[in-house]
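Participant: Any chance you can model this:
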Amino acid sequence: MAEPLCNAAVKKCKETMPQTPIFSSMLGSSCSGQVQPDMGDRCVDPVYQDGNLVSGSLEALIERLVPTMDYYPDAKLKSFAAKIIQLLKEWTETFPYDFQDEKSMKELKEIAHRITQCDEENGTVKKIISQMTQNLLMALSARSQYQEIREKFRQPVTDKGTILKTKPQSTQKDILSVCCDPLILAQQLTYIELERVSNIYPEDLMQIVSHMDSLDNHKCRGDVTKTYNLEAYDNWFNCLSMLVATEICRVVKKKQRTRMVEFFIDVARECFNIGNFNSMMAIISGMNLSPVARLKKTWSKVKTAKFDVLEHHMDPSSNFCNYRTALQGAAQRSQTANSNREKIVIPVFNLFIKDIYFLHKIHTNRLPNGQINFKKFWEISRQIHDFLTWKQVECPFEKDKKIQSYLLTAPIYSEEALFIASFESEGPENHMEKDSWKTLRTTLLNRA
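Facilitator: Take a look at the predicted model:
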């Protein structure tokens, strides 16, 4: 399996994904892990602020949940049972993977059986629990089927007959022959994004945290399949970037190559307008790869004003401040939108993962006084909640099978193949490029 995503997010290649500075504190001074002066050395009782739980010792929190002879969380047994059912319902819906092994499922059934005894008269509780269990089994089955349908990763093209060419093949398709409308292509990219995002769940995101804890404790991760959804989505970003670079570099004539570059600029701009920041970033990353960026003669003919605006939005300085401002604007638009088209918000997934990564890495689980740092977990929860809200939006665009088939299955060049195609389009200009060109050409010829 590929390198775990939580590590890949930190070591992402500069050409594929702009590097971000270390995640600056998003929580402010109040969530820096420092104890407020008036909290004292140790607090026995949980601490509340504006009605929200801020911190507390684990023992005090458990004490609030466990009934005793003198203390009962709810005086009415049926009312207490209803709250337990609500807890189980939310747990099974949000984290179904917690119940995929027989032991966990057995314990769930035992708890459910005890609760149903509290409502033997009308059987309402039994019906609710039965439906909850059925939904849980369906969710586990659906996710299991999704994992079995493994994505067929496209093998990068390195064949010398395809790369070392003097004329384009007449039967060879390009993206413009499949879709020449930037808006339509942006909509189809958004369709793919939403489809992939729909298969990412809270427990997938929490694997980033649990995997980091395993590394810190020098333990191996238990179930590597839990990160498959994250890695598959991350792979989609990289494939799209390489596809953009491939489509540009393989065009022989400069005029057509210029048109291809301008086309992808327009597609990225339409993605931005839709709220699809992930595809937008992938396209920009593809055009910033060295094999494309070095095509000076091509870029001299490109109207770069729109591209400059896009790069400004994705400027990595100040922790991608411009992008975060645009994302916040899209999120606000989504909250007040009346149509699904205006509700679309697809964040740059690598940056989203990095935010969770550094939130967990920088801020401690416990405060210096030993209490649980609830502000840290509230912030992680808020970010995951926002992501869940965005992923529930139904795609308002109809699926175009022809376009999507091309986007998902069209051959993409390897990095070395991209360089050779780039050098064949515009010859090397200095000694370093000439040496690279000779080395790469010899390598591919010998390999073939």
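Participant: Residues touching stretch 386-399, excluding its own?
Facilitator: Here stretch 386-399 makes contact (CB atoms under 8 Å, 6 or more residues apart in numbering) with 187-188, 190-191, 194-195, 197-198, 200, 202, 205, 331, 334, 339-341, 343-347, 352. C-beta coordinates here come from the backbone N, C-alpha and C atoms, glycine included.
Participant: That one: end-to-end distance?
Facilitator: Start and end residues of stretch 386-399 are separated by 26 Å (CA to CA, to the nearest Å).
Participant: circling back: going through the contacts of stretch 386-399, which ones are buried?
Facilitator: Listed as buried from the contacts of stretch 386-399 are 187-188, 190-191, 194, 197, 200, 202, 205, 331, 334, 343-347, 352; burial here means 16 or more other CB atoms under 10 Å.
Participant: residues of the helix or strand where Leu87 lies that come out buried?
Facilitator: Element membership of Leu87, judged by DSSP states H and E, is helix 77-94. Across helix 77-94, burial judged by 16+ other CB under 10 Å covers 80-82, 84-85, 88-89, 92.
Participant: residues in contact with Leu136?
Facilitator: By CB under 8 Å, 6+ apart, Leu136 lies in contact with 92-93, 96, 99, 108.
Participant: if we go to 7 Å?
Facilitator: Counting by CB atoms under 7 Å, 6 or more residues apart in numbering, Leu136 touches 92, 96, 99.
Participant: correct me, but the second one touches Met138?
Facilitator: What it means is Pro96. No - Pro96 is beyond contact range of Met138, at 9.2 Å (criterion: CB atoms under 7 Å).
Participant: Settle it for me: which of the two has more neighbours?
Facilitator: Each of Pro96 and Met138 has its neighbours counted (other CB atoms under 10 Å); Pro96 has more, 20 against 11.
Participant: Count the residues that sit near the residue lying closest to Ile380 once chain neighbours are set aside.
Facilitator: Leaving out its chain neighbours, the residue that sits closest to Ile380 by CB to CB, 6 or more residues apart in numbering is Leu359, at 5.4 Å. Residues near Leu359, counting by other CB under 10 Å, number 21.
Participant: tell me which element Leu359 is part of?
Facilitator: Short version, using DSSP H and E: Leu359 is in helix 349-362.
Participant: give me the number of residues near Phe387?
Facilitator: Phe387: 20 neighbours (other CB under 10 Å).
Participant: pLDDT weak spots in the protein?
Facilitator: 1-44, 62, 64-80, 118-122, 143-172, 210-227, 448 (pLDDT under 70).
Participant: tell me the centre residue of it?
Facilitator: The centroid of the chain falls nearest to Phe349 when counting by CA atoms, centre = their mean (3.5 Å).
Participant: show me what contacts the closest residue to it other than its chain neighbours?
Facilitator: Leaving out its chain neighbours, the residue that sits closest to Phe349 by CB to CB, 6+ apart is Asn278, at 5.4 Å. Listed by CB under 7 Å, 6+ apart, the contact partners of Asn278 are 193, 237, 346-349.
Participant: Can you give me the buried ones in stretch 106-117?
Facilitator: Quick answer for stretch 106-117 (16+ other CB under 10 Å): 108, 112, 115-116.
Participant: Please identify the one among those residues that lies nearest to Leu327.
Facilitator: Set against Leu327, the nearest of the buried residues of stretch 106-117 by CB to CB is Leu108 (37.8 Å).
Participant: The closest one and Asp101 touch, don't they?
Facilitator: No - assessed by CB under 7 Å, Leu108 is found out of contact with Asp101, at 10.9 Å.
Participant: Can you spell out which helices and strands pack onto the helix holding Leu87?
Facilitator: helix 102-116, helix 124-148 (3 or more CB pairs under 7 Å, 6 or more residues apart in numbering; DSSP states H and E).
Participant: a markdown table for those helices, including distance to Glu231?
Facilitator: Putting the helices and strands packed on helix 77-94 into a markdown table (distance: least, CB to CB, whole Å) gives the following:
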| stretch | distance to Glu231 |
| --- | --- |
| helix 102-116 | 25 |
| helix 124-148 | 12 |
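Participant: Can you say which of those is nearest to Cys180?
Facilitator: Checking the helices and strands packed on helix 77-94 against Cys180 by CB to CB gives helix 124-148 as the closest, at 33.2 Å.
Participant: tilt between the closest one and helix 77-94?
Facilitator: If you take axes from the mean of the first three to the mean of the last three CA atoms, to 10 degrees, helix 124-148 sits at 10 degrees to helix 77-94.
Participant: what's around the residue nearest to Asn373 when sequence neighbours are not counted, how many residues?
Facilitator: Using CB to CB, 6+ apart and skipping residues adjacent in sequence, the residue nearest Asn373 is Leu367, 5.3 Å away. Neighbour count for Leu367, taken as other CB under 10 Å: 23.
Participant: same question, the one 5 residues further on
Facilitator: Here the count is done by other CB under 10 Å, and Ile372 has 20 residues near it.
Participant: Please apply the same query to the one 3 residues further on.
Facilitator: When counting by other CB under 10 Å, one arrives at 21 neighbours for Lys375.
Participant: Check which helix or strand it maps to.
Facilitator: Secondary structure from DSSP H and E places Lys375 in helix 374-391.
Participant: quick one: buried residues of whatever helix or strand comes next after that helix?
Facilitator: Helices and strands here follow DSSP H and E; after helix 374-391, the next one along the chain is helix 401-409. Neighbour-count burial for helix 401-409 flags 403-404, 406-407 (criterion: 16+ other CB under 10 Å).
Participant: Present the residues you listed as JSON lines; the columns should include distance to Lys296.
Facilitator: Listed next are the buried residues of helix 401-409 as JSON lines, based on distance: CB to CB, whole Å:
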{"residue": "Ile403", "distance to Lys296": "31"}
{"residue": "Gln404", "distance to Lys296": "34"}
{"residue": "Tyr406", "distance to Lys296": "29"}
{"residue": "Leu407", "distance to Lys296": "28"}
